[in-house]
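Engineer: Prediction below, plus the sequence it came from.
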Amino acid sequence: MAEVRAEMVANVWKVVVAPGDTVEDGDTLVILESMKMEIPVVAEDAGVVAQLKVAEGDVIQEGDLIAVIE
C-alpha cells in the first residue's frame, strides 16, 4: 500500500483517476494548481487506486493525503 501526499499547498485543478483504476509508476493521479502553475501528482508505484481523498476544487495543505494505491 502506498500513500500519495501533497508536497505543497495547492488547489486540486483536475482529478485524472477514480477509485478502482489501475495505475502504473509515473501515471498522473491529479493535477494541482499553485501560483498559476499546473503540477501533476504521479503514482510512485503501480497498483490499483484504493482511495481518492480529494475532489476538484479542494484546497489541500502540505502533507495531506491525496490517494492510496494498493
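Structural biologist: Everything's here; your move.

Engineer: Pull up the per-residue confidence for L65.
Structural biologist: The per-residue pLDDT reported for L65 equals 97.

Engineer: so who does the spatially closest residue to it that is not a sequence neighbour touch?
Structural biologist: Residue nearest to L65 in three dimensions, not counting chain neighbours: K53, with 4.8 Å by C-beta to C-beta, 6 or more residues apart in numbering. No exception for glycine: its C-beta is placed from N, CA and C like everyone else's. Residues near K53 by C-beta atoms under 8 Å, 6 or more residues apart in numbering: D64, L65, I66, A67, V68.

Engineer: The third one: what secondary structure?
Structural biologist: When you say that, I think you mean I66. Following DSSP: H, G, I helix; E, B strand; the rest coil, I66 is assigned to strand.

Engineer: returning to what we had before: any chance of the contacts of K53 in JSON lines with neighbour count and distance to A18 as columns?
Structural biologist: Formatted as JSON lines, those follow (neighbours: other C-beta atoms under 10 Å; distance: C-beta to C-beta, whole Å):
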{"residue": "D64", "neighbour count": "16", "distance to A18": "19"}
{"residue": "L65", "neighbour count": "14", "distance to A18": "16"}
{"residue": "I66", "neighbour count": "21", "distance to A18": "13"}
{"residue": "A67", "neighbour count": "23", "distance to A18": "10"}
{"residue": "V68", "neighbour count": "17", "distance to A18": "13"}
